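Trainee: Give me the fold of what follows.
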Amino acid sequence: MKADYPSVLLIYTGGTIGMIENPETGALENFNFDHLLKHVPELKKFNYHISSFQFNPPIDSSDMEPAFWAQLVQIIYDNYDNFDGFVILHGTDTMAYTASALSFMLENLSKPVILTGSQLPIGTLRTDGKENLITAIEIAAAKNPDGSAIVPEVCIFFENHLMRGNRTTKINAENFNAFRSFNYPPLARVGIHIKYEPNLIRKPDPTKPLKPHYLFDTNVVILTLFPGIQEDIIAAVLQVPGLKAVVLKTFGSGNAPQKEWFIRQLKEATDRGIIIVNITQCASGAVEMERYGTGIQLLQAGVISGYDSTPECAVTKLMFLLGHGLNNQEIRHKMNSCLIGEITKPAE
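Mentor: Residues are numbered from 1 along each chain as shown. Purely as a prediction, here's the structure:
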C-alpha cells in the first residue's frame, strides 16, 4: 500500500552532516551512510520507506560542479516514479548553487527535492543535522489531501525554515541559521508544527512529465565592482578567451562608475555577444536600472537586469541557458524572465 507509506530517497553527496570525528586524530572523516540509523534512531519511528543513495566517494561541497548536478538529476529521474520525495544531503558551502541549478534542470518537477545539511557532524552531541534531516524527510513526504505534494519544488531546509532553493544564499559560516532567502519569504516555518504557506509555493502542471536537463556551459564569470577598480582588470576579465556571460555585481540598486572607459568596455563586450547581467551586491533588494543615471548608462551599453536574483542563481541560470544552445537574444530574454520563481519582476 504505497499510499499509506510515503517513500523518500535520501541522496548523500558529502558534507559535514555525514562526517564523524576520528577519535584518534580528531579529524572529520566520511562515515558509511549505513551508520545513519545508529546516529538518528528517530528515523525508525517514521512510517516511511526510506532508501538511500550515496556518492562514492562522497565529495566536499567545495568540489561541487555541473557534472555532479547532472548526476543528481539522473538519480532523481531514474527513481522519480518510485518515491514521493527526495532529500539531498549536501555540504553547506555550495548548497545554494546546487539548489539553484537543480531548479532549472528538473523541468516540470511535481515532487519535493529538499536539500539540507548541517554545521556540525551528525554524530556530535549538539548537532543541528539530526533536526534538519528529520524535518526535511517529513517535508519531502508531505502530501495534500488529494495526494499531490505539498511542496513540489527544489528547496533548502535549514534551521526551521524551508526556502525556495533558487532564492537562497549562505550567509553564516558558523551559526546554525546558515541560510537566508532575502527576497522571497520562507515556504514553511517549523516550530511545534510545520506551517506551510500554500500561496507562496509553486503549482506545477501535474499532467506534464518530468523533463531532466543535463547540459551546462561554464564560460561564465562573476565580476564584483569596488571603488578604484582598474580598467586593466575589467578589460582582462572581459577578454578572457571563450567567455560568454558575466554576472556584474554592482552597487545599491544597480549602479556603477560613470567613467567613459567602463561603459565603453561593457559596450564593446556586449557588442561581441557577451551577455552581462546586473545584480546588486546588497544581500536584499533588487536592481532598478531605470532609477539612476548610472543604471541607464548600463542599459544603453547592453547590460540586462538581473532584478533580485541571488548571485548563485544568476550564475547557474546563465550556465544552464548557455548549455542549451540558445541564441544570444533567447538567453537575454530568458534571463529577463522568471522561469521557475527565481526572480521578482515588477509589473510592466
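Trainee: For the rest of this, base every contact and every neighbour count on C-alpha atoms.
Mentor: OK.
Trainee: What ranges does the stretch 1-150 of the chain have for its strands?
Mentor: 7-12, 19-21, 28-30, 49-54, 85-89, 106-107, 113-116 (DSSP state E, counting those that start in this stretch).
Trainee: Make TSV out of these and add mean neighbour count, distance to residue 196 and mean pLDDT.
Mentor: Converted to TSV, the strands of the stretch 1-150 of the chain look like this (neighbours: other Cα atoms under 10 Å; distance: least, Cα to Cα, whole Å; pLDDT from 0 to 100):
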stretch	mean neighbour count	distance to residue 196	mean pLDDT
strand 7-12	23	19	94
strand 19-21	19	31	67
strand 28-30	16	34	62
strand 49-54	14	23	89
strand 85-89	28	16	96
strand 106-107	19	22	98
strand 113-116	30	14	96
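Trainee: Dump those to TSV, plus distance to residue 242.
Mentor: Listed next are those as TSV, based on distance: least, Cα to Cα, whole Å:
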stretch	distance to residue 242
strand 7-12	34
strand 19-21	39
strand 28-30	37
strand 49-54	35
strand 85-89	33
strand 106-107	27
strand 113-116	32
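Trainee: so which of those gets nearest residue 290?
Mentor: In terms of Cα to Cα, the element of the strands of the stretch 1-150 of the chain nearest to residue 290 is strand 106-107, at 32.3 Å.
Trainee: list the helices and strands that closest one packs on?
Mentor: Applying 3 or more Cα pairs under 8 Å, 6 or more residues apart in numbering; DSSP states H and E, we find strand 106-107 packed against strand 211-212.
Trainee: ok, then the element right after the strand it packs on?
Mentor: strand 220-224 (DSSP states H and E).
Trainee: In whichever helix or strand comes after that next one, which residues are buried?
Mentor: For strand 220-224, the following helix or strand on the C-terminal side (DSSP H and E) is helix 231-238. Neighbour counts over helix 231-238 (16 or more other Cα atoms under 10 Å) mark 234, 238 as buried.
Trainee: helices or strands up against helix 231-238?
Mentor: Counting by 3+ Cα pairs under 8 Å, 6+ apart, helix 231-238 packs on helix 260-271.
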